[in-house]
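Q: Coordinates for the following, if possible.
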Amino acid sequence: QLPLVERGGDSVQPEGSLRLSCGASEISLDFRAVGWFRQAPGKEREALLCISSADRIEYYAAAAKGRFFISRDYDANEVYLRMIDLEREDTARYYCAARDYYCSDREADYDKWGQGTEVTVSS
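A: A predicted model of the protein is given here:
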């Protein structure tokens, strides 16, 4: 069983919105940076954005700026990805990943991953 669990993936129409969650039952996310990645069909996985253990947010993908927002709930031990104005090009499997303290846009820097959740944007 993977240490992180993503939830919230769904099929939505263009211009719709979704909120994905990333939770952990056996590890604490308190001192960890959590990043969101996605892999679209036929493409490599890409880094979207990340929230550090100090709640500093870093954006990596141009598609995420202005439309994707990351936040965390320490009590719930969860990190959220809020997406608005979704486009067909946002169709992908979305993953969260965790590493100690600092954000990174490199997959290899993250040691905890989830199985991903599917987001489909179509009319």
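Q: how much space between the spatially most central residue of the chain and Tyr102?
A: Among the residues of the chain, the one closest to the centroid is Trp36, at 2.7 Å (CA atoms, centre = their mean). According to CB to CB, to the nearest Å, Trp36 stands 16 Å off from Tyr102. All C-beta atoms are positioned from the backbone trio N, CA, C, and that covers glycine.
Q: before we move on, what about Val12?
A: Distance of Val12 to Tyr102, given as CB to CB: 32 Å.
Q: Could you pull up the residues touching Arg82?
A: Ser17, Leu18, Arg19, Phe68, Phe69, Ile70, Ser71 (CB atoms under 8 Å, 6 or more residues apart in numbering).
Q: So the fourth one versus Glu58, what's the distance?
A: For Phe68, the distance to Glu58 (CB to CB) stands at 12 Å.
Q: if you go through the protein in chain order, where are the strands?
A: Applying DSSP state E to the chain gives strands spanning 5-7, 11-12, 18-23, 32-39, 46-51, 57-59, 68-73, 78-83, 92-100, 112-113, 117-121.
Q: For Arg106, find the nearest of these.
A: The minimum distance between Arg106 and the strands of the chain falls on strand 46-51, with 7.6 Å, by CB to CB.
Q: other SSEs contacting that closest one?
A: strand 32-39, strand 57-59, strand 68-73, strand 78-83 (3 or more CB pairs under 8 Å, 6 or more residues apart in numbering; DSSP states H and E).
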